[in-house]
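Trainee: prediction below, plus the sequence it came from.
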Amino acid sequence: MLKTARNLAAFLLLALLFGCDIPTTQSPNAAEQDGVDAAQNRNAQRDNMSHLLMGTGSVQGVYFPIGGVICRLLNRHKELHKIHCSLESTGGSIYNLKELSKGNFDLVFAQSDWQHHAYNGTSAFEKLGPNSDLRAVFALEADPLAIITRRDSDIRNFNDLADRRVSFGYTRSLQHRIINDLLSAKEWTTKNFKEVRPMSDIKQITQLCESKIEAASLLASSLNDYLSDLPADCELKIVPIEGEEVGKVIDSKPYYRRGRILKGMHLDSEADVASFGLGATFVASEQTSPKAIYHVVKEVVENFHDFKSLHPSLADLDKKELAHAGISIPLHPGAVRYYKEARLLPKK
């Protein structure tokens, strides 16, 4: 009996926190009459939600501090919109999406490919099946692929890598998966290169500095980790990845997006370097309060300059890309409402 009471209390608490319907006993006649009313009551409960719990990532990562920024923006005006935001550090995208589907979070961060797989029930979510309730709120920063060569190399673009000795990281690395999708769009294989050496990121840079390979590949988010302390005689540059093949990759797998590696950020580059890759997305459940999501998007967009300035990874964020870049699932109704008001929905 005590255990049942505790379970009921826990359920009631979750119902209050997450806007769940609380079942009640009613007569058959009442049940017949409340079809429309029940839907309206559910929407009212969702819109009266006063607390948003956000799943982020590790404390040392990017998602956690950005989540803190979003919560601070929202909580500044909580007396007006009656919504309070809090966050938890988590194990990252896959964990976040699984917990969101269980109702344990209201909003989570997720890498753009994982939001796609969770919605469609593919890859790591195959056993769970598709989460058709998953909804996008906005896109965050891109994490484009960086192709790195020696500064004195005659390699100027990706096509110049043909017949060269290169490395794209380990064969199961994220950058290797991105390269494989690009090669497929170009109708290339590893035979188009003189040699493709699988190796760790740090070994790639070491062998590039020693001229044992002619190009290496890293994610833009990891450039500082590997390029901040190069030997004095190792001068490197980043070459662009662009062209119609990039468009083909994005068209076939819309969780990819274009991105830039900003000038002056790495290797004293004098101009932005165009590339593509995955990105971060902010997602919710269809059951998350539309009113709350509306105010989340509103606070970010209407304080966009301040929002971008609060974390280095947000420096290249474009307001016009919030509603679509790397997003391959439906937008949340609360987000749609604000984007329409702000005229930020992409033209079809």
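Mentor: Perfect, I can see it now. Numbers count the residues shown, from 1 in each chain.
Trainee: measure stretch 149-167 end to end?
Mentor: From its first residue to its last, stretch 149-167 covers 11 Å (Cα to Cα, to the nearest Å).
Trainee: and it, which residues are buried?
Mentor: For stretch 149-167, the neighbour count (16 or more other Cβ atoms under 10 Å) marks 149, 150, 153, 155, 158, 160, 161, 164, 165, 166, 167 as buried. Glycine gets a C-beta too; all of them are placed from N, C-alpha and C.
Trainee: wait, what's in contact with the fourth one?
Mentor: With contacts taken as Cβ atoms under 8 Å, 6 or more residues apart in numbering, residue 155 has the following neighbours: 149, 161, 164, 214, 215, 239.
Trainee: from the buried residues of stretch 149-167, pick the one nearest residue 187.
Mentor: Among those, residue 158 lies closest to residue 187 (Cβ to Cβ), at 13.5 Å.
Trainee: pull the number of nearby residues for the nearest residue to residue 342 once chain neighbours are set aside.
Mentor: Leaving aside its sequence neighbours, residue 342 sits nearest to residue 301 (Cβ to Cβ, 6 or more residues apart in numbering; 5.9 Å). For residue 301, the neighbour count with other Cβ atoms under 10 Å is 17.
Trainee: who does the strand or helix carrying residue 301 touch, helix- and strand-wise?
Mentor: For residue 301, the host element (DSSP states H and E) is helix 290-302. Under the contact criterion of 3 or more Cβ pairs under 8 Å, 6 or more residues apart in numbering; DSSP states H and E, helix 290-302 touches helix 35-47, helix 63-75, strand 134-150, helix 333-342.
Trainee: tell me the gap between the longest one and the middle of its chain.
Mentor: Taking Cα atoms, centre = their mean, to the nearest Å, the mean C-alpha location of strand 134-150 is offset from the chain mean by 8 Å.
Trainee: buried set for that strand?
Mentor: Quick answer for strand 134-150 (16+ other Cβ under 10 Å): 134-150.
Trainee: immediately after that strand, which helix or strand?
Mentor: strand 165-166.
Trainee: quick one: the strands in the stretch 151-300 of the chain?
Mentor: 165-166, 195-196, 216-219, 236-239, 257-261, 273-285 (DSSP state E, counting those that start in this stretch).
Trainee: winner for burial among the ones you listed?
Mentor: strand 273-285 (a mean of 25; mean count of other Cβ atoms under 10 Å).
Trainee: same for it, what does it pack against?
Mentor: helix 63-75, helix 93-101, strand 107-111, helix 112-120, strand 134-150, helix 174-186, helix 244-252, strand 257-261.
Trainee: chain center to it, what's the gap?
Mentor: On Cα atoms, centre = their mean, the centre of strand 273-285 falls 5 Å from that of its chain.
Trainee: what angle do helix 112-120 and it make with each other?
Mentor: 40 degrees (axes from the mean of the first three to the mean of the last three Cα atoms, to 10 degrees).
Trainee: hang on, the earlier thing: is it correct that the residue nearest to residue 342 is in contact with residue 343?
Mentor: No. Using Cβ atoms under 8 Å, residue 301 is not in contact with residue 343, being 11.0 Å away.
Trainee: neighbours of residue 256, how many?
Mentor: So residue 256, with other Cβ under 10 Å, has 28 neighbours.
Trainee: before we move on, what about residue 114?
Mentor: Using other Cβ under 10 Å: residue 114 sits among 22 other residues.
Trainee: sketch out the low-pLDDT regions of the stretch 201-348 of the chain for me.
Mentor: For the stretch 201-348 of the chain, the stretches flagged by pLDDT under 70 are 264-265, 348.
Trainee: residue contacts, the spatially most central residue of the chain?
Mentor: Centroid-nearest residue in the chain: residue 280, 1.9 Å away (criterion: Cα atoms, centre = their mean). Taking Cβ under 8 Å, 6+ apart, we find residue 280 in contact with 62, 63, 66, 109, 110, 111, 112, 139, 140, 141, 143.
Trainee: make it 7 Å
Mentor: 63, 109, 111, 140, 141 (Cβ atoms under 7 Å, 6 or more residues apart in numbering).
Trainee: for the first one, give its distance to residue 179.
Mentor: If you measure residue 63 against residue 179 using Cβ to Cβ, to the nearest Å, the figure is 25 Å.
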